[in-house]
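> Structure of the sequence below:
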Amino acid sequence: MTNVIEQPRKRFLALDTATATLGVAVTEGGRVLHEINASGERNHSVHLLPMIGEALRASGGSEMLDGISVGVGPGSYTGTRIAITAAKSLAWGWKLPVAGVSTLQALAWGGWSAGAGSPDEAAAGNERSADGFGPDWIIPLLDARRGQAYTALFAAGGGSAPQRLAPDRIRLMADWVQSLTERLKKAKALGESPRRLWFVGETALHGSEESLKPLEGASELRVLPYELEGRWVGFLGEARHASGDIDDIHGLVPNYTQLAEAEANLLKAGKGGMKSR
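Here you go, the predicted model:
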């Protein structure tokens, strides 16, 4: 991993509660100073502030921070709002800039790094030539129920952040696999076919052999269960802060990608509701 940010180094607090894992990290110049990832419980609202306090005590305190980064989803409807509300409140109180990043991009980066950096994959990569192939493709998956997944498509960036090829969306998995099949055909015709296709994240349901059967033979498939780690939100946030592309505290909102069922029902009833983006 070579995610080193050039001088001057700045320190950031990173948060994400959009998935089953609650991730908190303090990063500086592409390095992790402290990180806490808690999985197994969805009660993120209870544990977030104590975890932030622990991370800050271990890394020098809030006065050392230069900004806050937060995962904006998509993911859990309630969970996503917890981190964003905390990030906005802390940024306002501490007078720090805040930057929202895609939870799916962070999931893609972390999952691909965990898989491609494993000893087995490194050994396999050394045994064969990568000539004629483009970068690996990464498909992060978060279950959205009813045969749907929150997902996107990225090209692996080596030691840098994955490059986006398709936007964050909620998609029917069967349609998404078919769309990926067509994309692979076009990439092969252009000589840009990826050597490996990585499905990472919540793969138990949507990364099954049956679900991915239309992709067999099109590329080497890798399916890796992976829980998001806060550091990847931190690394993505560092890049946004460094570029000056930060968010307005009052304008930062979750990326739901769809209306919540309750909001959809309100709209149907003609009683308004929150707009999604």
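> Going by C-alpha atoms from here, please, whenever you check contacts or count neighbours.
Will do.
> thinking D66 is in contact with R9, fair?
No: counting by CA atoms under 8 Å, D66 does not reach R9; the two are 9.5 Å apart.
> more crowded one of those two?
D66 (19 against 16; other CA atoms under 10 Å).
> Return the residues in contact with that one.
K10, R11, F12, L96, P97 (CA atoms under 8 Å, 6 or more residues apart in numbering).
> So the nearest residue to the last one once chain neighbours are set aside versus A14, what's the distance?
In other words, P97. The shortest distance from P97 to any non-neighbouring residue, by CA to CA, 6 or more residues apart in numbering, is to G67 (5.0 Å). Applying CA to CA, to the nearest Å, the value for G67 to A14 is 9 Å.
> As a check, name the ranges of all strands in the stretch 51-200 of the chain.
Taking DSSP state E, counting those that start in this stretch as the test, the strands found in the stretch 51-200 of the chain are 67-71, 98-101, 137-145, 148-157, 160-172, 196-201.
> Packed most tightly, which of those would that be?
Mean neighbours per residue, mean count of other CA atoms under 10 Å, is largest over these for strand 67-71, with a mean of 30.
> what about that one, distance to the chain center?
13 Å (CA atoms, centre = their mean, to the nearest Å).
> Output it in CSV with nothing but the alpha carbons.
The C-alpha trace of strand 67-71 is given here as CSV (Å, rounded to 0.1, in the frame of the first residue of the first chain):
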residue,chain,number,x,y,z
GLY,A,67,-10.6,17.8,9.5
ILE,A,68,-13.3,15.0,9.5
SER,A,69,-14.1,12.4,6.8
VAL,A,70,-17.4,10.5,6.8
GLY,A,71,-18.9,7.7,4.8
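> by contact count, what packs against it?
If you count contacts as 3 or more CA pairs under 8 Å, 6 or more residues apart in numbering; DSSP states H and E, strand 67-71 packs onto strand 11-16, helix 77-94, strand 98-101, helix 230-243.
> and the angle from the first one to strand 67-71?
To tie it back to what came earlier, the one meant is strand 11-16. 20 degrees (axes from the mean of the first three to the mean of the last three CA atoms, to 10 degrees).
> List the pairing partners of strand 11-16 within its sheet, with orientation.
Paired neighbours of strand 11-16 in the sheet (DSSP bridges): strand 22-28 (antiparallel), strand 67-71 (parallel).
> Make JSON lines out of those strands and add mean pLDDT and distance to V46.
Formatted as JSON lines, these follow (pLDDT from 0 to 100; distance: least, CA to CA, whole Å):
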{"stretch": "strand 22-28", "mean pLDDT": "97", "distance to V46": "11"}
{"stretch": "strand 67-71", "mean pLDDT": "98", "distance to V46": "18"}
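> Those strands: which one's closest to E229?
Taking CA to CA, strand 22-28 is the member of these nearest to E229, at 5.6 Å.
> any weak-confidence spans in the stretch 51-200 of the chain?
Applying pLDDT under 70 to the stretch 51-200 of the chain flags the ranges 119, 122-132.
> try 90 this time
Counting by pLDDT under 90, the stretch 51-200 of the chain has low-confidence residues at 76-78, 117-134, 146, 157-159, 190-192.
> domain ranges for the protein?
Split into domains by the TED database, the chain comes to 11-102+229-258, 105-225.
> Out of these, indicate the one that is most buried.
Of those, domain 11-102+229-258 is the most buried (mean count of other CA under 10 Å), at a mean of 21.
> chain center to that one, what's the gap?
12 Å.
> Save the helices and strands packed on strand 67-71 as CSV, and put in distance to P194 too.
Compiled in CSV, the helices and strands packed on strand 67-71 are given as follows (distance: least, CA to CA, whole Å):
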stretch, distance to P194
strand 11-16, 30
helix 77-94, 32
strand 98-101, 25
helix 230-243, 23
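> Those: which one's closest to A161?
helix 230-243 (7.0 Å).
> which strands and helices sit next to that closest one?
Short answer (3+ CA pairs under 8 Å, 6+ apart): helix 230-243 packs on strand 11-16, strand 22-28, strand 31-38, strand 67-71, strand 98-101, helix 103-116.
> Reformat those into a markdown table and put distance to H250 next to each item.
Shown next, in a markdown table, are the helices and strands packed on helix 230-243 (distance: least, CA to CA, whole Å):
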| stretch | distance to H250 |
| --- | --- |
| strand 11-16 | 18 |
| strand 22-28 | 22 |
| strand 31-38 | 27 |
| strand 67-71 | 14 |
| strand 98-101 | 10 |
| helix 103-116 | 20 |
